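# Whatever this is, show me its structure:
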Amino acid sequence: MHIRPELAALRSDDAPQRQAQARLIAAVDGWRATPPVAAATTDLNRFGRGAQLEELPLLTALFSADDPSAQQFAGTLVSLLVAELGGDPLGQVPLRHFSDGLLASLVLARAGGAALVLQAIDGEALARRAEPTSASFAATETWEHVLAGAAWVERVRIGQSLPDRAVLHREPSELRAGMVAHRFCAEEAQLLRRIPGTMVTLKLQRTLDPSAPTREYRLADGALLHQAAGSPRESRLELTAALLGRMGRSDAAPLLAAMAEEEGGSGLRWQALRECLGLDSAVGFAALRTIAQRSDDPLAAPAGALMGQLLEQYPELAGVARCLA
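Residues are numbered from 1 along each chain as shown. Down below sits the predicted model:
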């Protein structure tokens with residue numbers, strides 16, 4: 001095994017590594033303190049709390065088509081990091097980053113549910129990937145400013161959403177340097193099809209509803225393949241509800257009914273309702289009927305449909321306090 005002298009030296013003395021890291025941290029801190037970056041961070045804090053993009057001058061400039069502000073903003077940091085890593089190649093960039101061979105991302109700033117991210121997508125790696133067979137939709141809002149390169153993409157929009165499927169509308173599109181694309185990701189997904197070379201984008205994203213689920217639909221027929229809770233808390237509660245059902249804890253039925261009837265994420269409420277029906281038919285059916293009768297409840301329509309199916313299959317539910325459903 002060949003071990004380079006620089007790595008061998010670190011076995012006996014890690015001071016050079018610590019010093020390199022300190023220099024990188026100081027460089028990034030200096031970049032953050034510059035007026036444009038400080039202003040962008042202030043804007044991002046307001047954006048994460050719900051302010052509109054047009055109310056925030058710096059972010060508006062960063063995501064205006066053909067505006068040089070985005071190039072200067074990202075270019076200053078990249079030049080700084082390249083210079084520092086050139087002198088200290090074993091240093092670690094003190095910003096959250098990720099790479100999977102296709103996508104490399106660097107989180108420039110984060111505030112609440114909003115993030116400003118620099119991304120690079122490798123076209124050769126994309127060409128080696130299998131064609132996507134599904135599209136995911138999450139309750140986020142995204143702006144992308146293409147700083148370099150181009151991409152051919154497919155936009156997938158939800159025309160109509162049902163409990164177990166969606167009507168999907170698909171159309172090809174193109175992204176080019178200087179363009180800014182905006183989308184509500186709960187309604188529109190973007191699939192990468194072809195990238196000549198590498199595409200670099202500056203992305204602004206914020207979460208609109210932390211409790212809303214992320215849904216994945218099959219492109220071929222719009223079938224719902226997967227649904228995940230939008231927040232870790234709701235995901236844990238969904239797992240808890242499922243566990244209570246598998247354990248046969250009928251004493252938990254009133255609690256699950258209360259979870260189903262209260263405000264919150266539709267995925268969690270529906271999971272609680274299903275488990276409640278399985279544990280105690282009378283308690284679950286009463287909760288189902290309450291939800292179906294709420295005109296402003298997003299679960300009213302699927303609850304009404306399920307109630308009709310259950311009444312057709314088990315007529316005794318209409319007047320019996322308890323039955324074996």
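
# where does the nearest residue to L56 once chain neighbours are set aside land in three-state SS?
Spatially, and ignoring its direct neighbours in sequence, L56 is nearest to D43 (3.9 Å; CB to CB, 6 or more residues apart in numbering). The C-beta positions use only the backbone N, C-alpha and C, and glycine is treated the same way. Put simply, D43 is helix when judged by DSSP: H, G, I helix; E, B strand; the rest coil.

# Let me see the confidence value for D43.
Looking at D43, its pLDDT stands at 94.

# tally of neighbours for it?
Residues lying near D43 (other CB atoms under 10 Å) number 25.

# From G267, how far off is it?
The gap separating D43 from G267 is 32 Å, by CB to CB, to the nearest Å.

# Show me the domain layout of this structure.
The domain map for the chain lists 15-228, 232-318, with the assignment taken from automatic domain parsing.

# sorry, back to before: contacts only, for the residue nearest to L56.
56-59 (CB atoms under 8 Å, 6 or more residues apart in numbering).

# Please tabulate these in a markdown table, including the columns neighbour count.
As requested, the contacts of D43 are exported to a markdown table (neighbours: other CB atoms under 10 Å):
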| residue | neighbour count |
| --- | --- |
| L56 | 20 |
| P57 | 11 |
| L58 | 19 |
| L59 | 24 |
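
# if I look at A111, how far off is Q205?
In terms of CB to CB, A111 sits 12 Å off from Q205.

# got the buried residues for stretch 30-39?
Neighbour counts using 16 or more other CB atoms under 10 Å place 31, 37 of stretch 30-39 among the buried residues.

# for this protein, what spans make up the helices?
Along the chain, counting by DSSP state H, helices occupy 5-12, 15-33, 35-48, 57-62, 69-87, 123-128, 232-246, 253-261, 266-279, 281-292, 300-313.

# okay, these, which one's buried deepest?
helix 266-279 (a mean of 23; mean count of other CB atoms under 10 Å).

# So which elements touch it?
Applying 3 or more CB pairs under 8 Å, 6 or more residues apart in numbering; DSSP states H and E, one finds that helix 266-279 contacts helix 232-246, helix 253-261, helix 281-292, helix 300-313.

# what sits against the residue most central in space within the chain?
Centrality entry for the chain: nearest residue to the mean C-alpha point is A138, 5.7 Å, by CA atoms, centre = their mean. By CB under 8 Å, 6+ apart, the contact list for A138 reads 185-186, 212, 214, 230.

# List the buried residues in stretch 90-100.
Buried, per 16+ other CB under 10 Å, within stretch 90-100: 91, 93, 95.
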